[in-house]
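With the sequence up front, the predicted model follows.
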Amino acid sequence: MAGRPTIIDVARVAGVSKSTVARVLEGQNTPVREEVRARVWQAVTALGYERNAVASSLRTDRTLMMMLAIPDITNPFWPEVARGLQDTVEREGYSVVFANSDWDATREEGFLRLARRNRFDAIAINPTCVTNAELLASGIPAVILGLRDDFPDFDMVGSDSQQGTLIGLEHLYALGHRRIGVIHGQYQSRVASHARRHGYELFLQRTQLPRDSSLVAEVPFDLAGGYRGCQALLSLAERPTAIFAANDILAIGAMQAAHDAGLRIPDDLSIVGMDDIYSAATTTPPLTTMAKDKYEIGRQTGLFLLDRLQGRAPKTARRCAIPCRLVLRGSTAPPRQ
């Protein structure tokens, strides 16, 4: 047979009409005898027929494609989120297309136009510049990755970073640390998330430790930023005995700076990270961190999107905060007396 087989070829081999083949392939509830259904699938297999997704989407108004839009594909946090989303929606026949903006506003806005132009059924997005109004105007069902206050019209799924920050700092406090440095990451989105800062403020209130702005370093969310943040904290006349970093990448950068300064972890300096990425368990010593259930974030995002697409979701937006969990490893210990 010349060229790719068509639905007409399948109908001819199976001895049925084209509309019957379409009903079988699309899983419609219209009654089709099992013997006829079996003949159709036998013809599909024999011919190697693949359904034309574009033509099908014109009939059903569905492309069975979702977009996952993230700001930084190099961050090890995202692969498990992607896997959780993909595993969940694939069971319903959906495919996931990945879009990486690299914190670029123009690129992210282009991805949103691409999703509209190609009739994507839904979007899971960690926004850096797209606004609530722009996402609403797209008309595409969406779930926000992360807990934000600036997207009131959309479901959102994320880790409880405020709770995670508080638990990580309280762990250091329970070990006896009273001079604790904090390395915050600088957000490049229009509206930054302040969950970690709120967690730090709550920690100071609960412990009644004095507020000292010199103990807070704000740096880019990367390895070099963690290194520079740690250097700044270690240059203080009275350096901290412990550091809490806003994510594991910053924490690993801080560990490198401490090693280069001749300090031993945790004897001279304790360090706690957040996320529990794979490399956190492979550092020397292994990094104590606040683990985020990244797969569950993706899975719950997929469930929320399927609810919206299948008409099961409530009218009001939902907010799913997934707790963090302290993972004790070798980078924390009581301060040296």
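Okay, I see it.

what's the distance between Asp104 and Asp260?
In this view, Asp104 and Asp260 are 32 Å apart by C-beta to C-beta, to the nearest Å. Where C-beta positions appear, they are placed from N, C-alpha and C, glycine not excepted.

neighbour count winner among these two?
Asp104 (15 against 12; other C-beta atoms under 10 Å).

so what's the more buried one closest to, chain neighbours aside?
Nearest residue to Asp104 in three dimensions, chain neighbours excluded: Thr128, at 8.0 Å (C-beta to C-beta, 6 or more residues apart in numbering).

cool, and Gly226?
Gly253 (2.4 Å).

Let's verify Pro286: helix, strand, or coil?
With DSSP: H, G, I helix; E, B strand; the rest coil as the basis, Pro286 sits in coil.

I'd say it and Val327 touch.
No - using C-beta atoms under 8 Å, Pro286 is not in contact with Val327; the gap is 9.1 Å.

Find residues that contact each of these two.
Ala280 (C-beta atoms under 8 Å, 6 or more residues apart in numbering).

Could you point out the helix or strand that follows the helix or strand bottoming out on mean pLDDT in the chain?
In the chain, no helix or strand scores lower on mean pLDDT, DSSP states H and E than helix 53-60, which sits at a mean of 49. Next helix or strand after helix 53-60 toward the C-terminus (DSSP states H and E): strand 65-70.

other SSEs contacting that next one?
If contacts are counted by 3 or more C-beta pairs under 8 Å, 6 or more residues apart in numbering; DSSP states H and E, strand 65-70 sits against helix 78-90, strand 95-100, helix 105-117, strand 122-125.

ok so, going back, measure the residue nearest to Asp104 to Thr106 for me?
11 Å.

quick one: which of the two has more around it?
Just comparing Thr128 and Thr106: by other C-beta under 10 Å the higher neighbour count belongs to Thr128, 21 against 9.

Surely the more buried one and Asp72 touch.
No - applying C-beta under 8 Å as the test, Thr128 and Asp72 come out as separate, 9.3 Å apart.

Common neighbours of the two, please.
By C-beta under 8 Å, 6+ apart, Thr128 and Asp72 have these common neighbours: Trp103.

all helices for the stretch 201-337 of the chain, in order.
With DSSP state H, counting those that start in this stretch, the ranges of helices along the stretch 201-337 of the chain come out as 223-234, 248-260, 294-309.

Relative to Leu64, which of those is closest?
Taking C-beta to C-beta, helix 294-309 is the member of the helices of the stretch 201-337 of the chain nearest to Leu64, at 9.9 Å.

Can you list the helices and strands that the closest one packs against?
helix 78-90, strand 122-125, strand 142-145, strand 155-159, strand 319-322.
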